[in-house]
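A.B. asks: Structure for this input, please:
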Amino acid sequence: MIPPEQFASLVSEASDDQLAEGFAANRDLILSEIFNRMPDQFDPSKAEGVQAVVEWEITERPGGGADRWQLAIRDGTCTCVAGGEADPDVTFTVGPVDFVKMIAGAESGPKLFVFGKLKIRGNLMLAARVQGFFRMPGATSAGA
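C.D. replies: Below you'll find the model as predicted:
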């Protein structure tokens, strides 16, 4: 798969229709690449003392339903599993195009939340911190 920075650049340059088309053709591959790389993007110094399970539900699965992925953040580590049986501390529910844009840094989680495109259940204080636990390949250091 392509490097995270190149992925972020491609996402930021693509239209929503192009992203939807690419996601429809390669959904499982895109999701597995994103989630399997999250532990590599994890910054343990930003999550000191955090013991949590963060669940992502990516909606609009062909045939209905959603893909579920769980990130377990414990003792300065992050592990990821498709599905997962743990009781999540916070669950994010989002459509595939908005998810890809958010992960690539082309759209902000708070903006998606305010406009109803990102739904959050569970610990809202944790939810507000989650993005900061990960290095964002598309984010710039300006203003940060």
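
A.B. asks: count of residues packed around the residue nearest to F113 when sequence neighbours are not counted?
C.D. replies: What sits nearest to F113 in space, not counting adjacent residues and going by C-beta to C-beta, 6 or more residues apart in numbering, is I120, at 6.4 Å. Every residue, glycine included, has its C-beta placed from N, CA and C. Neighbour count of I120, defined by other C-beta atoms under 10 Å: 17.

A.B. asks: Tell me the buried residues in the helix or strand hosting I120?
C.D. replies: Element membership for I120, per DSSP states H and E: strand 118-122. Buried residues in strand 118-122, counting neighbours by 16 or more other C-beta atoms under 10 Å, are found at L118, I120, G122.

A.B. asks: So what touches it?
C.D. replies: 88-94, 98, 102, 109, 112-113, 127 (C-beta atoms under 8 Å, 6 or more residues apart in numbering).

A.B. asks: Among those residues, which pair sits farthest apart?
C.D. replies: D89 and D98 (21.8 Å; C-beta to C-beta).

A.B. asks: Give me the more crowded residue out of those two.
C.D. replies: Taking other C-beta under 10 Å, D89 and D98 do not tie; D98 has more neighbours (21 against 18).

A.B. asks: Could you find the closest non-adjacent residue to that one?
C.D. replies: Nearest to D98 is K117, by C-beta to C-beta, 6+ apart, at 4.9 Å.

A.B. asks: Next, the contact list for that neighbour, please.
C.D. replies: Taking C-beta under 8 Å, 6+ apart, we find K117 in contact with V94, G95, D98.

A.B. asks: looking at it, the first one is touching I103, isn't it?
C.D. replies: Read it as V94. No - using C-beta atoms under 8 Å, V94 is not in contact with I103; the gap is 9.8 Å.

A.B. asks: the more surrounded of these two?
C.D. replies: The neighbour comparison of V94 against I103 (other C-beta under 10 Å) goes to I103, with 27 against 24.

A.B. asks: Now do the more buried one against V130, distance only.
C.D. replies: I103 sits 12 Å away from V130, going by C-beta to C-beta, to the nearest Å.
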